[in-house]
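Trainee: Using only what follows, build the 3D model:
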Amino acid sequence: MKIKTFLIALFTLATLGMSAQDNTEGETFQLTKQGAHYVFTASINGTADATILVESGIPALLVDSAFVFSSGILSDMELTVADKEKLSLAGRVYKITHKANGMVRIGNSTSYNGEVFVLSNYDYGPYEVAVPVMYLHNDLDDGSRIISLDLGNNSLQMLSKASLNAIKADYSRSDMNTDTYEGMFAMETSMTLDDGIKPRTLSGNFMIDFGNPELLFLLHHTEEVQKFLADNADMELREATTPSGEVVGQFILTKQCQLCSIAFPNAMVVITKNLPLFTTPGNIGLKFFERTHAIFDFDQSVVYMKGK
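Mentor: Residues are numbered from 1 along each chain as shown. Below you'll find the predicted structure:
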């Protein structure tokens, strides 16, 4: 009888421990690819559902003005009228009609904390809201900011500290920083491409850019890329053109591109002149994350990665 009682107690303790850990695990949002972006649907402040764009390079939570006032999703926030302020996004300029600062509930147990910009005519795409993922908090885990991004499985999950500690040994690790344009997150890493002639390596601070649909953009105007091109003058650069024949950039076809120690066979690396304000030599885009499971610990400024 004593042995049976002991086993029941042991099982109960284990179950309670598992439940305690499970109770800190955050929500999982199902992602959908829309064009060159990823979106998910969730309730905003428990008031109305919105289609939400996953972003890494915007300074605030962005919401369409017509949606804000028709749905009442920000009715509990103090909205301040903005005076002739504008925001440029992907070549389009939007008028900021109102601003706020505070907490916005997304889904059941996830919150955004920071600035909110209400934009005029922002709903031109398949979404009403855009969220910078680095300011999402898991309310079940003391507000931690740990995000598991698995684009290959269309998943964004608010991970708990306990879950990250249990699996992070299986992933490579890179420190993140915000020594970039507008304080976007980046990581010190290297890119090595094999174009069939020889391997060629570029090291530097590469920005995490969910607005980039490609594997990697190299920024033509930066000193690092200029030196890389000069040192590899025998490398074939192909021209990217519009249907009308206008040259909009260059690209390199590779037998393999290794980025953050993860190999991408037959990859294309784009060289662009269209991002003149960006200061990093390269921007890592969605095709990288579609082939990689990445866990961002924004509290500790660390990203854990594993190729698929």
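
Trainee: Quick test: name the residue nearest the centre of the chain.
Mentor: With the centre of the chain defined as its mean C-alpha position, the nearest residue by CA atoms, centre = their mean is Ser56, 4.3 Å away.

Trainee: so who does Ala60 touch?
Mentor: If you count contacts by CB atoms under 8 Å, 6 or more residues apart in numbering, Ala60 has them with 114-117, 132. From N, CA and C alone the C-beta is placed, and that goes for glycine too.

Trainee: Skip the chain neighbours and tell me the closest residue to it.
Mentor: Once flanking residues are discounted, Ala60 sits nearest to Glu115: 3.8 Å by CB to CB, 6 or more residues apart in numbering.

Trainee: Could you double-check that the one you found lies in contact with Leu62?
Mentor: No - the pair formed by Glu115 and Leu62 falls short of the contact definition of CB atoms under 8 Å, at 9.8 Å.

Trainee: sorry, back to before: tell me how many other residues crowd the residue nearest to Ala60.
Mentor: Counted with other CB atoms under 10 Å, the neighbours of Glu115 add up to 15.

Trainee: Could you check how far it is from Asn232?
Mentor: As for Glu115, its distance to Asn232 is 42 Å (criterion: CB to CB, to the nearest Å).

Trainee: can you tell me the helix or strand for Leu87?
Mentor: Secondary structure here is read from DSSP states H and E; on that basis Leu87 sits in strand 80-89.

Trainee: what's the following helix or strand after that strand?
Mentor: The element immediately downstream of strand 80-89 (helix or strand, assigned by DSSP H and E) is strand 92-106.

Trainee: what pLDDT, on average, does that following strand get?
Mentor: Strand 92-106 shows an average pLDDT of 95 in the prediction.

Trainee: So which residues make contact with it?
Mentor: Under the criterion CB under 8 Å, 6+ apart, residues 42-46, 52, 61, 65, 68, 73-74, 77-82, 85-88, 111-122, 124, 131, 136 lie in contact with strand 92-106.

Trainee: Partner strands of the helix or strand just after it, with direction?
Mentor: Tracing the chain past strand 92-106, the next element assigned as helix or strand by DSSP H and E is strand 110-119. Paired neighbours of strand 110-119 in the sheet (DSSP bridges): strand 61-64 (parallel), strand 92-106 (antiparallel), strand 136-138 (antiparallel).

Trainee: Export strand 110-119 to CSV, keeping only CA atoms.
Mentor: Taking C-alpha atoms only, strand 110-119 is exported to CSV below (Å, rounded to 0.1, in the frame of the first residue of the first chain):
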residue,chain,number,x,y,z
THR,A,110,-0.3,37.7,-26.3
SER,A,111,0.2,41.4,-26.0
TYR,A,112,1.9,44.2,-27.9
ASN,A,113,3.5,46.9,-25.9
GLY,A,114,4.7,50.1,-27.5
GLU,A,115,3.7,52.9,-29.8
VAL,A,116,0.6,52.6,-32.0
PHE,A,117,0.3,54.6,-35.3
VAL,A,118,-3.1,54.9,-36.9
LEU,A,119,-2.6,55.3,-40.7
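
Trainee: May I see the buried residues of that strand?
Mentor: 110-112, 114, 116-119 (16 or more other CB atoms under 10 Å).

Trainee: Contact partners for Ser261?
Mentor: Contacts for Ser261 were tallied using CB under 8 Å, 6+ apart; they are 172, 189.

Trainee: Let me see the contact set for the nearest residue to Cys257 once chain neighbours are set aside.
Mentor: Closest residue to Cys257 in three dimensions, ignoring its sequence neighbours and counting by CB to CB, 6+ apart: Ala267, at 3.9 Å. For Ala267, the contacting residues are 193, 215-216, 254, 256-257, 287, taking CB under 8 Å, 6+ apart as the criterion.

Trainee: hmm, try it at 7 Å
Mentor: Taking CB atoms under 7 Å, 6 or more residues apart in numbering as the definition of contact, the neighbours of Ala267 are 215, 254, 256-257.

Trainee: Just the buried residues of those residues.
Mentor: A residue is treated as buried here by neighbour count (16+ other CB under 10 Å); on that basis the buried members of the contacts of Ala267 are 215, 254, 257.

Trainee: my guess is the last one is in a strand, correct?
Mentor: Same thing as Cys257. Yes - in this structure, Cys257 lies within a strand as judged by DSSP: H, G, I helix; E, B strand; the rest coil.
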